[in-house]
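Asker: The following block contains a protein sequence and its predicted model.
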Amino acid sequence: MCTYESNQFANGIGSIMGGNESTTDSLVDSFSQTMDLLSEGILFLNLNWQFEYINQAAEKMLKKDRSILLGEDIWNEYPHLIKTLFYEAYHHAHLKNTSVEFDEYEPKFDTWFHVKAYPKETGLLVIMQDITEKHVAMEVVEESYRTLFQKHPDAVCSIDLDGNFLAINTAFKNLFPIEERLFLGSNYLKFLPNDMKKKVKELFYFAKNGKPQATELNFSKKFNRPFYVLITTLPIIVQSNIIGVYGIIKDVTAERDSLEKYLSVSQTNELVLNSVEDGIVGFDDSSNVVMWNRAAEKMTGYKIEELTPEIVNKMFKEDRLLNRSEVEIDTSNNEKNLEESIIRVANASIFRKDGKPIIIEYVMTPIAGVGKIVGKVYTFRDITEKKKSEELLYQSEKLSAVGQLAAGIAHEIRNPLTSLKGFLQLIEISGEGKPEYFEIMNSEFVRIEQILNELLILSKPQTVNKEVSSLNCLLDHIITLLNTQAIIKNIYIEKKEDGSKINIYCTNNQIKQVFMNFIKNAIEAMESGSIIVELRKENEYAVVDIIDEGCGIPESLLSRVGEPFFTTKERGTGLGLMVSYQIIDDHDGDIKVESKEGEGTKFTVRLPLHQENNTLT
């Protein structure tokens, strides 16, 4: 308890109680002790805006020792409150001699206050409550509503238990061309013709008591055109408590004359979540299922009451959906952060109740509260049949590629065989072999052998024995091997790196083969000059650039690089680059080629960096 003159305190209490100046010291102490037991902050400001009384709760809210504040001007102690609602409301209460009540956020304290101010003859009595938690809860609920129905094709609104609009979706704004700000915070009855108010009030009453209802209304007179809507009201239930009402409004003008269509529309609008064909599942921040629509039930075979944590983990065990999206979101910025945190997955597996796996694609949207994620919503659809069709198409394309490859092999091998056959006939006719014949025939045999060896690499299953390797050392080894060949042609191979150690998880011999192919191709494309091999890190990838000063590749042919039997070399087969592309693809990397005819070519190879904590097999 702070110290102050008892007369001053007595006068303060007298002011609060109506000016009783005979208050004794014992009454002062009793009053003060009683006020300090209250959770509400109580303070009294005299006519000069000086603090005359502050209880313990108010001292905590004001974040200053009350012994310092007593006798001081509130606006001098808290100048940032000037020109705020606090300042205006206190002055209004004082000047108009009327009580005021308001909610206001105090950014310096990061706190929401509910304030009541009562004018007295000698000053102003102020009672404050900290309602920050209440506002946080409201924000969470509003965000949940927005996530659930904002993109619904029908007009959807949420209404509190007093009948005031909380939120409306885009379809609602399109259906009723009235500014959104006029809806929000206003009572729904304000926008209804008098002859409809009773019927809609009944719908609202039943919904907020847990009984969904639907009815058709005719707005033709109000809009001066045929306009019939089907309104469905549903209770908003959070943790078994009804906190408001959903309203779903469907334009049924075109379907009104058909009873069958009317019944269909009524059924499809019975519940917001059951009006879509995609499965929807919502989790709270403890991974408990709080939402499960009819499509999800049909897709998986589970009813929502069966979804215990054990069942959910069993159903999602392969793809581990519950462990995805562990992201941090800055909710103080704007909705862009939430948008960037949405996760889309095109190929995931879950298990039905009967144990059968199905393939789904899904979108995960986080539900954000103040500074943290308070839940997740998944929208998913079954794409099992689609994946089967894609697999059949892929197999068909593979067969087609095999046919094209076989045709290319026949073409490539037939050429040297024709040469061999012709020279054998010449030897047979002449009865003697000329040295130049044997030289050409030997060259053609070598070419056939080269083609067959590279084809074996493509067709023979390769033993995959991956290990953590230093890409720095691999490149050093390759450059040392090829330097002799380069020096003979007056070519200098220069390696550039930033000095960082770069490790990848790979099959050493395959990666060596790739970079040997690229550097050998660069050497063969040049008569002299420099080849630059540059190694660096980019995000989660190791990047290697091989840049030569050779003849380059015409722009019209760049798209064909990596095709079998496409080459710009006179004696090349094109299979070396095809093998290289396949190896890099098997290592989850990619290759990019840039070239300008007459100036040179640049191949860029990206491979995933090895992450120390990954458990790779």
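Answerer: On my side now, so go ahead.
Asker: elements contacting the helix or strand where residue 244 lies?
Answerer: Element membership for residue 244 (DSSP states H and E) is strand 241-251. Where contact means 3 or more Cβ pairs under 8 Å, 6 or more residues apart in numbering; DSSP states H and E, strand 241-251 is packed against strand 155-160, helix 170-175, helix 194-208, strand 228-238. Glycine gets a C-beta too; all of them are placed from N, C-alpha and C.
Asker: mind checking which of these is nearest residue 284?
Answerer: Of all those, strand 228-238 sits nearest to residue 284, with 10.0 Å by Cβ to Cβ.
Asker: Not counting its neighbours along the chain, what's nearest residue 69?
Answerer: Nearest residue to residue 69 in three dimensions, chain neighbours excluded: residue 51, at 4.7 Å (Cβ to Cβ, 6 or more residues apart in numbering).
Asker: could you check the angle helix 194-208 makes with the strand holding residue 244?
Answerer: Angle of strand 241-251 versus helix 194-208, following axes from the mean of the first three to the mean of the last three Cα atoms, to 10 degrees, is 140 degrees.
Asker: Take strand 241-251, keep the C-alpha atoms, and write them as CSV.
Answerer: Only the C-alpha atoms of strand 241-251 are listed here, as CSV (Å, rounded to 0.1, in the frame of the first residue of the first chain):
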residue,chain,number,x,y,z
ASN,A,241,-20.7,-24.2,-27.2
ILE,A,242,-22.9,-22.3,-29.7
ILE,A,243,-21.2,-18.9,-30.3
GLY,A,244,-23.2,-17.6,-33.3
VAL,A,245,-25.1,-18.5,-36.4
TYR,A,246,-24.0,-19.2,-40.0
GLY,A,247,-26.3,-17.9,-42.8
ILE,A,248,-26.0,-19.5,-46.2
ILE,A,249,-27.9,-17.7,-49.0
LYS,A,250,-28.4,-19.4,-52.3
ASP,A,251,-29.9,-17.7,-55.3
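Asker: From here on, call the first residue 44.
Answerer: Okay, residue one is now 44; in that scheme the one you just asked about reads as strand 284-294.
Asker: Each with direction, which strands does that strand pair with?
Answerer: According to DSSP bridges, strand 284-294 forms sheet pairs with strand 198-203 (antiparallel), strand 271-281 (antiparallel).
Asker: okay, those, which one's buried deepest?
Answerer: Most buried of those, by mean neighbour count (mean count of other Cβ atoms under 10 Å): strand 198-203, with a mean of 22.
Asker: and that strand, average pLDDT?
Answerer: On average, the pLDDT along strand 198-203 is 89.
Asker: I would like the residues contacting it, please.
Answerer: 188, 192, 208-212, 214-215, 217-219, 226, 231, 247, 279, 286-294, 315 (Cβ atoms under 8 Å, 6 or more residues apart in numbering).
Asker: and what of stretch 242-249?
Answerer: With Cβ under 8 Å, 6+ apart, stretch 242-249 has contacts from 202, 206, 231-232, 235, 255-258, 260, 274, 276, 288.
Asker: thinking again about what came up before, before we move on, what SS does the residue nearest to residue 112 have?
Answerer: strand (DSSP: H, G, I helix; E, B strand; the rest coil).
Asker: swap in residue 209?
Answerer: Following three-state DSSP, we place residue 209 in the strand state.
Asker: Now do it against residue 254, distance only.
Answerer: 20 Å (Cβ to Cβ, to the nearest Å).
Asker: Looking at these two now, which is surrounded by more residues?
Answerer: Taking other Cβ atoms under 10 Å, residue 209 and residue 254 do not tie; residue 209 has more neighbours (20 against 12).
Asker: wait, isn't the more buried one in contact with residue 229?
Answerer: No. Using Cβ atoms under 8 Å as the test, residue 209 is too far from residue 229 to be in contact (10.8 Å).
Asker: residue contacts, the nearest residue to residue 294 once chain neighbours are set aside?
Answerer: Nearest non-adjacent residue to residue 294, counting by Cβ to Cβ, 6+ apart: residue 272, 5.8 Å away. Residues near residue 272 by Cβ under 8 Å, 6+ apart: 218, 259-260, 262, 292-296.
Asker: beta partners for residue 272?
Answerer: The partner residues for residue 272, given DSSP bridges, come to residue 260, residue 294.
Asker: same question, the one 5 residues further on
Answerer: According to DSSP bridges, the residues that bridge with residue 277 are residue 289.
Asker: doesn't residue 255 make contact with it?
Answerer: Yes. The pair residue 277 and residue 255 passes the contact test of Cβ under 8 Å, sitting 4.8 Å apart.
Asker: Give me the nearest residue to residue 626, chain neighbours excluded.
Answerer: In space, and not counting its chain neighbours, residue 626 is closest to residue 553: 4.6 Å by Cβ to Cβ, 6+ apart.
Asker: Based on its surroundings, how many neighbours for that neighbour?
Answerer: Using other Cβ under 10 Å, residue 553 has 20 other residues around it.
Asker: Start and end of stretch 262-280, how far apart?
Answerer: Start and end residues of stretch 262-280 are separated by 30 Å (Cα to Cα, to the nearest Å).
Asker: and that stretch, how far out from the chain's middle?
Answerer: Mean C-alpha position of stretch 262-280 versus that of the full chain (Cα atoms, centre = their mean, to the nearest Å) differs by 35 Å.
Asker: I'd like the average pLDDT over that stretch.
Answerer: Average pLDDT, stretch 262-280: 86.
Asker: ok, which stretches of the stretch 244-393 of the chain are helices?
Answerer: 263-266, 302-311, 337-343, 352-358, 378-383 (DSSP state H, counting those that start in this stretch).
Asker: next one: the stretch 494-643 of the chain
Answerer: 514-531, 551-567, 618-629.
Asker: Can you dump the C-alpha atoms of the first one in PDB for me?
Answerer: Listed in PDB are the C-alpha atoms of helix 514-531, where the atom choice follows Å, rounded to 0.1, in the frame of the first residue of the first chain:
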ATOM      1  CA  LEU A 514      32.400 -32.000 -54.600                       C
ATOM      2  CA  ASN A 515      35.600 -29.900 -54.300                       C
ATOM      3  CA  CYS A 516      37.800 -33.000 -54.300                       C
ATOM      4  CA  LEU A 517      35.800 -34.700 -57.100                       C
ATOM      5  CA  LEU A 518      36.300 -31.700 -59.400                       C
ATOM      6  CA  ASP A 519      40.000 -31.500 -58.500                       C
ATOM      7  CA  HIS A 520      40.500 -35.100 -59.400                       C
ATOM      8  CA  ILE A 521      38.700 -34.700 -62.800                       C
ATOM      9  CA  ILE A 522      40.600 -31.600 -63.700                       C
ATOM     10  CA  THR A 523      43.900 -33.300 -62.900                       C
ATOM     11  CA  LEU A 524      43.000 -36.200 -65.200                       C
ATOM     12  CA  LEU A 525      41.900 -34.000 -68.100                       C
ATOM     13  CA  ASN A 526      44.600 -31.300 -67.800                       C
ATOM     14  CA  THR A 527      47.100 -33.300 -69.900                       C
ATOM     15  CA  GLN A 528      44.700 -33.600 -72.800                       C
ATOM     16  CA  ALA A 529      43.800 -29.900 -72.500                       C
ATOM     17  CA  ILE A 530      47.500 -28.700 -72.400                       C
ATOM     18  CA  ILE A 531      48.200 -30.600 -75.600                       C
END
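Asker: If anything else comes up later, I'll come back, but that's it for now.
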